[in-house]
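*Asks:* Dropping the sequence and predicted coords here.
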Amino acid sequence: MPKVRIKQAASIQTSGSTVTQGTTPLVEVPLACRLLLFSALLTVAACKPPASDDYLERVDLAEARGAVGEPLPSPDTANAVWANSKSADRILYGNPGETPFLALECELAGGVAQMKFTRFAAANAQAKALFALVGNGHIARIPVDAEWNGRAWLWEGAMPADEPDLEVLTGKRTVAATLPGAGQLDLNPSPLPGELIEACRAKSEPAPELPEPS
């Protein structure tokens with residue numbers, strides 16, 4: 001079995017004196033043991049949970065996503081992923097183990113299914129803006145308002161689920177999501193947004209049939 005030889009230096013110098021220089025005995029460590037240790041470290045890293053509602057409950061949202069009135073830099077989303085939440089009709093996007101950047105939820109309003117967007121970035125009270133999504137050959141512009149959720153003012157907006165522009169989230173390419181003052185949020189591709197949108201469209205109540213003319 002291949003072995004790795006490890007040499008540890010024992011030479012130590014201090015102010016005004018020198019400790020006798022020498023070396024400790026060479027220790028032979030089996031390569032298989034090192035591989036097992038490396039594998040264990042990878043397993044621990046892989047167990048880091050995705051962004052979830054639990055993080056929203058434990059942190060101050062205003063502090064987590066910047067102070068109100070201060071332009072935020074574009075977040076680092078290299079490792080961000082879409083993940084299911086506690087609700088079957090809601091998914092979250094963010095870095096594993098951190099507060100999510102975005103929530104996408106299906107809800108019914110007057111029998112009409114719509115997709116609700118919540119951008120977890122501090123907003124000025126009662127402010128209004130357009131949340132723009134660009135990618136996959138589509139552009140969606142969602143009107144958003146600053147809404148108080150009991151802890152902070154956050155950006156929220158909705159669009160009918162049958163809106164063709166929502167196809168921006170159903171493709172296999174990265175989507176650029178921009179919001180004034182909150183930088184550009186790059187949405188990495190995933191089948192989850194498309195699946196949620198498709199399921200939401202099926203929930204709309206059918207339009208009443210018009211009586212045939214007599």
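*Replies:* All right, it came through fine. Residues are numbered from 1 along each chain as shown.
*Asks:* Surely T174 touches N188?
*Replies:* Yes: under the criterion of CB atoms under 8 Å, T174 lies in contact with N188, with a separation of 5.9 Å. Any C-beta I mention is one placed from the backbone N, CA and C, and that applies to glycine too.
*Asks:* per-domain residue ranges of the protein.
*Replies:* 3-46, 53-201 (automatic domain parsing).
*Asks:* Can you get me a residue count around the residue nearest to P73 when sequence neighbours are not counted?
*Replies:* Nearest residue to P73 in three dimensions, chain neighbours excluded: G183, at 5.4 Å (CB to CB, 6 or more residues apart in numbering). Per other CB atoms under 10 Å, the neighbour tally for G183 reads 16.
*Asks:* Show me the strands in the chain, by range?
*Replies:* Under the criterion DSSP state E, the chain carries strands at the ranges 3-6, 13-14, 17-18, 27-30, 81-84, 90-94, 102-109, 112-122, 128-135, 138-148, 153-160, 175-178, 184-187.
*Asks:* Just to check, L108 is in contact with K203?
*Replies:* Yes: under the criterion of CB under 8 Å, L108 is in contact with K203, at a separation of 6.4 Å.
*Asks:* Name all residues that make contact with P189.
*Replies:* Contact analysis of P189 by CB atoms under 8 Å, 6 or more residues apart in numbering lists G171, K172, R173, T174, V175.
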